[in-house]
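Participant: Pasting the sequence and the predicted model now:
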Amino acid sequence: TVRGLQPEIERMMGRQKAEMRRMEEANVEELKRQREAMAEAHERAMGELRERMLQERDRAVERERELASVRMREQSERFDQQLQAQRVRLSEEMAAERERLDAAHRSERQRIEDMYGMQVMDDSRKLACLQREWSEREEELLRRQALEMSKYRQQVDLEREEWQRAAAARL
């Protein structure tokens, strides 16, 4: 009967489930192992590729360094030639500029000496005029002072005479 076969069917199903689990675990293990193997192979390939790329880069850097050295040497030679030419040109320009400045300096010095001479003469005229004005003003002030002193003396003399009269009248 079906009921009698039930425990046998359940046992068979249990075994089949256990076998399925075992097969799944074995499959998972196999996949894990394959993944690890692929990862190792990938790492190895990447390492080899990285090593090749580093070697190529080193060779390219060395080639570039050599080319840069040649370019720098050529550039240095051109620069030295240009520098020498520029030194010569600047020396000539400096000599011309020095001569121009010396001429300008001589001209300016002459102009300043001329102006100084004119200024001295002008100042001498002004000083003479101021001295004359000062003398006239001093004479005027001395005359006024003498006049005022004369007035004060007269006034003092009058006041003294009045005081003497007043003193004599009181006595």
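Facilitator: Thanks, I have the structure now.

Participant: State the pLDDT value of Gly4.
Facilitator: For Gly4, the model assigns a pLDDT of 77.

Participant: For Gln55, see how far away it is.
Facilitator: Going from Gly4 to Gln55 by CB to CB, to the nearest Å gives 77 Å. Any C-beta I mention is one placed from the backbone N, CA and C, and that applies to glycine too.

Participant: Looking at the two, which is more packed in?
Facilitator: Higher neighbour count among Gly4 and Gln55: Gln55, with 10 against 7, using other CB atoms under 10 Å.

Participant: what about Glu108, neighbour count?
Facilitator: Counted with other CB under 10 Å, residues neighbouring Glu108 total 11.

Participant: where are the low-confidence patches of this protein?
Facilitator: Applying pLDDT under 70 to the chain flags residues 1-2.

Participant: try 50 this time
Facilitator: Counting by pLDDT under 50, the chain shows no low-confidence range.

Participant: does Gln155 sit in a helix, a strand or a coil?
Facilitator: helix (DSSP: H, G, I helix; E, B strand; the rest coil).

Participant: Count the neighbours of it for me.
Facilitator: 10.

Participant: how close does it get to Glu162?
Facilitator: Shown here: Gln155 relative to Glu162, a distance of 11 Å by CB to CB.

Participant: does Asp122 count as helix, strand or coil?
Facilitator: Under three-state DSSP, the three-state class of Asp122 is helix.

Participant: Tell me, how many residues neighbour it?
Facilitator: 10.
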